[in-house]
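Asks: Okay, structure incoming, though there's no sequence with it:
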């Protein structure tokens with residue numbers, strides 16, 4: 001098979017894949033922000049729920065998030081004198097992801113370079129890893145703020161990239177690769 005024939009087959013496969021998964025894009029574009037909003041609001045409103053005395057609801061939220069976070073209160077931010085149900089780094093990841101999705105949707109069809117997005121994810125991953133390693137080897141203790149910031153940067157860049165991919169699948173965005 002010649003290179004030209006191989007390219008034609010590859011292009012045909014890509015078109016077939018886009019046709020088969022075309023329904024998935026709009027579903028993801030609607031479902032991801034709704035899920036992220038619910039997720040973040042359940043975290044951010046947790047102290048208010050506790051103050052309302054809604055014991056069953058607050059217990060359910062704590063139990064749910066105990067499966068995804070260590071919930072160390074010494075490493076958690078809080079509001080109204082109550083710690084959030086996740087640590088500062090997880091809070092940063094989730095809220096950053098929520099904001100990253102929102103920015104991705106707001107930019108719509110603006111051209112974004114895929115390489116730039118990947119570099120942002122790598123940079124934020126390296127900063128988070130550096131924060132963890134420096135603390136782990138006792139070179140520098142990380143703080144609640146450094147945990148929240150590095151988590152937020154990774155959450156925002158990763159969710160921005162994932163949402164751009166979903167928008168592209170739905171035909172509502174363009175990610176340039178070259």
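Replies: Cool, got the structure. What you see is a predicted model; the values in this text were computed from it and never measured.

Asks: In stretch 93-104, which residues have enough neighbours to count as buried?
Replies: By 16 or more other CB atoms under 10 Å, the buried positions in stretch 93-104 come out as 93-102, 104. Where you see a C-beta, it was placed from the backbone N, CA and C, and this is true even at glycine.

Asks: so which of these comes closest to residue 81?
Replies: Nearest to residue 81 among the buried residues of stretch 93-104 is residue 95, at 20.0 Å by CB to CB.

Asks: Can you give me the separation between that closest one and residue 30?
Replies: When distance is defined by CB to CB, to the nearest Å, residue 95 is 20 Å away from residue 30.

Asks: low-scoring stretches of this structure, by residue?
Replies: Using pLDDT under 70 as the threshold, the predicted model of the chain has low-confidence ranges 1-25, 172-178.

Asks: Would you mark the buried spots in the longest helix seen in the chain?
Replies: Secondary structure of the chain per DSSP state H: the longest helix is helix 144-169. For helix 144-169, a neighbour-count test (16+ other CB under 10 Å) marks 144, 146-169 as buried.

Asks: ok, so what distance separates residue 161 from residue 97?
Replies: According to CB to CB, residue 161 and residue 97 sit 11 Å apart.

Asks: What segments of the chain are helices?
Replies: Listed in chain order (using DSSP H), the helices of the chain are 3-20, 24-44, 46-52, 55-65, 88-107, 114-136, 144-169.

Asks: okay if I get those as JSON lines plus distance to residue 77?
Replies: Converted to JSON lines, those look like this (distance: least, CB to CB, whole Å):
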{"stretch": "helix 3-20", "distance to residue 77": "42"}
{"stretch": "helix 24-44", "distance to residue 77": "10"}
{"stretch": "helix 46-52", "distance to residue 77": "10"}
{"stretch": "helix 55-65", "distance to residue 77": "14"}
{"stretch": "helix 88-107", "distance to residue 77": "5"}
{"stretch": "helix 114-136", "distance to residue 77": "16"}
{"stretch": "helix 144-169", "distance to residue 77": "6"}
